[in-house]
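Asker: Predicted model and sequence follow; I will ask about them next.
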Amino acid sequence: MSPTDTAASQALTSQQVVDLTRQYNYGTWRFQRNWNPMHIADAEGCYLIDGSGKRYLDFSSQLMCSNLGHKNQAVIDAIAHQAQQLSYAMPGYATTARAELSQLLAEILPKGLRKFFFTTSGTEANEAAFKIARMYTGKSKIIARYRSYHGSTIGSIAATGDPRRWAMEPGGKGPGVIFAPEVNCYKCPIRHTYPGCNIACADYIEHMIRNESDVAAVLVEPIVGTNGVLVPPDEYMPKLRRICDENGVLLIADEVMTGWGRTGEWFAMNHWSVIPDILVTAKGITSAYVPLGLCATSEKIAEFFQDHFFSHGHTYEAHPITLAPAVACIHEMQRLNLVERARELAPYVEAKLNDLKSKHRSIGDVRGKGLFWAVDMVKDRTTKEPFNTYADKVSGKSLVVDQIAAKMLADGVTIQAWVSHFVIAPPLIVTKEEIDRGIATLDKHLTIADEAASPS
Ligand code: PMP
């Protein structure tokens, strides 16, 4: 057992930790029977440390959230200080932590987003956004896109355009949510080719707004996350902003994964200088030290609620222990220049991944921005057919990407494998040597996929 493991858990062996976890807890998005979680006893910087002391390079920042890396002393101190000072006050009171964080957010968020609602997850922040959009517009429909993820509660999974939704509502979409085609230039869902397409996928959204009544908002991940790091062409987001403005519809940007320097800007929407009416974020806001989500709204929405009832709230909204470390995280990101760092390391990662693609026929595409990249795996480069689909996952089949991730784990590198692609998103403090090591480990095990792919 690691010497730094907590006193409370020192009585348990690693095997007992794993056994008790399996006995009493649900492993999410999986069959329970084959869940065999690794015991993580410690972590520091870009590394996780298991119960035997073995270190693992974290090549995806866990769930693309540990942006600052582990054991940042300033963040730990902020948590301890806040716990000693004031661990909780109900949200109707004013607290120093909320005031300080809000002041900082008003400086860092895209200009004009100036009134904030704090939650404890990205999912809840999206739920708040949907309700606020509906209260503000008096309309009910949300246009979301296929190949998106917005959370796992009834409302947010209903707005999620990927197969994870199907288990919740067999065959159906949630009330009030309609789906538009995703923006995906590698596999365009409407069979167009950029740039000749003139961003027809955005025009389609305008067509939907005009032919549906009652549309409150268009909801987008600026760069789609779990569904494959889909980066839109530069014209897409400004065009969508114009469409929303011309049709009186709100634009909601779900920056749960893309916020906080991940893409080489504080927020991904900054790449296109587009300001959404509502920006939702979580994950990197505290680098996952504590659970915090944020729903930030524009001036006009803030104004509206001056004299309209704000019908929403939680016991743990704006919990001081979640807010104080966010202030420390922002200061640490500024001190360490992490947003610039993500931007500067991007060409290095891109070149390495393109090299990898030229060596391995099982890679169909590599794409990304900042320190946020996907390696898209295909059985056949011509047809772009993936090795596996979500249907394979829910039928319990062994997925090619999971086989590779397991080999990488044995070699001391953790990577997010998502059905048909890998997400490469190390903590923003990562060094070039660590990037080299992570990519070399992927390189080594891609032969598993190459052998299963058609000759290109
Ligand atoms: N939106 C996006 C874009 C996400 O990536 C996620 C989580 N992966 C969520 C919402 C949900 O956030 P949480 O898991 O914190 O509820």
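Answerer: On my side now, so go ahead. Residues are numbered from 1 along each chain as shown.
Asker: tell me which parts of the stretch 201-350 of the chain are close to the ligand?
Answerer: 221, 225, 226, 254, 256, 257, 282 (Cβ under 6 Å from any ligand atom). C-beta here means a position set from N, CA and C on the backbone, and glycine is covered the same way.
Asker: Can you pull the phi/psi pair for the residue of the chain found nearest the ligand?
Answerer: Proximity of the chain to the ligand (Cβ to the nearest ligand atom) peaks at residue 122, 2.5 Å away. Main-chain torsions, residue 122, degrees, to the nearest 10: phi -70, psi -40.
Asker: What count of nearby residues applies to it?
Answerer: Look at residue 122: counted by other Cβ atoms under 10 Å, it has 30 neighbours.
Asker: the longest strand in this protein is where?
Answerer: strand 372-380 (DSSP state E).
Asker: What pairs with that strand, parallel or antiparallel?
Answerer: strand 363-369 (antiparallel), strand 385-386 (antiparallel), strand 421-424 (antiparallel) (DSSP bridges).
Asker: How far does the longest one sit from its chain's centre?
Answerer: Averaging C-alpha positions (Cα atoms, centre = their mean, to the nearest Å) puts strand 363-369 17 Å from its chain's average.
Asker: average pLDDT for it?
Answerer: Mean pLDDT, computed over strand 363-369, is 98.
Asker: Tabulate the CA atom coordinates of that strand in PDB.
Answerer: Provided in PDB are the C-alpha atoms of strand 363-369 (Å, rounded to 0.1, in the frame of the first residue of the first chain):
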ATOM      1  CA  ILE A 363      -5.900   4.900 -37.800                       C
ATOM      2  CA  GLY A 364      -8.500   6.700 -40.000                       C
ATOM      3  CA  ASP A 365      -8.100  10.200 -38.700                       C
ATOM      4  CA  VAL A 366      -6.400  12.300 -36.000                       C
ATOM      5  CA  ARG A 367      -7.900  15.600 -35.100                       C
ATOM      6  CA  GLY A 368      -8.000  18.100 -32.200                       C
ATOM      7  CA  LYS A 369      -6.900  21.400 -30.800                       C
END
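Asker: Show me what the host helix or strand of residue 238 is packed up against.
Answerer: The secondary structure element spanning residue 238 is helix 236-246 (assigned by DSSP states H and E). Secondary-structure packing of helix 236-246 (3 or more Cβ pairs under 8 Å, 6 or more residues apart in numbering; DSSP states H and E): helix 200-211, strand 215-220, strand 250-254.
Asker: Same list as before, the ones you listed that is, but in a markdown table and with mean neighbour count and mean pLDDT included.
Answerer: Listed next are the helices and strands packed on helix 236-246 as a markdown table, based on neighbours: other Cβ atoms under 10 Å; pLDDT from 0 to 100:
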| stretch | mean neighbour count | mean pLDDT |
| --- | --- | --- |
| helix 200-211 | 17 | 98 |
| strand 215-220 | 26 | 98 |
| strand 250-254 | 28 | 98 |
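Asker: Mind putting these into TSV with distance to residue 270?
Answerer: Output for these, formatted as TSV (distance: least, Cβ to Cβ, whole Å):
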stretch	distance to residue 270
helix 200-211	19
strand 215-220	15
strand 250-254	10
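Asker: To residue 154, which of the ones you listed lies closest?
Answerer: Proximity to residue 154 (Cβ to Cβ) singles out strand 215-220 among the helices and strands packed on helix 236-246, at 15.6 Å.
Asker: list the contacts for the residue most central in space within the chain?
Answerer: By Cα atoms, centre = their mean, the mean C-alpha position of the chain lies nearest to residue 257, the distance being 2.5 Å. Contact analysis of residue 257 by Cβ atoms under 8 Å, 6 or more residues apart in numbering lists 64, 65, 122, 221, 225, 226, 283, 372.
Asker: For those, which entry has the maximal number of neighbours?
Answerer: Counting neighbours by other Cβ under 10 Å, the top entry in the contacts of residue 257 is residue 122, with 30 neighbours.
Asker: Surely that residue touches residue 280?
Answerer: Yes: assessed by Cβ atoms under 8 Å, residue 122 is found in contact with residue 280 at 6.8 Å.
Asker: hey, what's in contact with both of these two?
Answerer: Contact criterion Cβ under 8 Å, 6+ apart; residues shared by residue 122 and residue 280: 254, 256, 293.
Asker: State whether the second one is indeed within a strand.
Answerer: Looking back up the chat, that one is residue 256. No: secondary structure of residue 256 (DSSP: H, G, I helix; E, B strand; the rest coil): coil, not part of a strand.
Asker: before we move on, the earlier item: mind picking the two most distant members of the contacts of residue 257?
Answerer: Counting by Cβ to Cβ, the most remote pair of these is 122 and 372, 15.7 Å apart.
Asker: All set, thanks.
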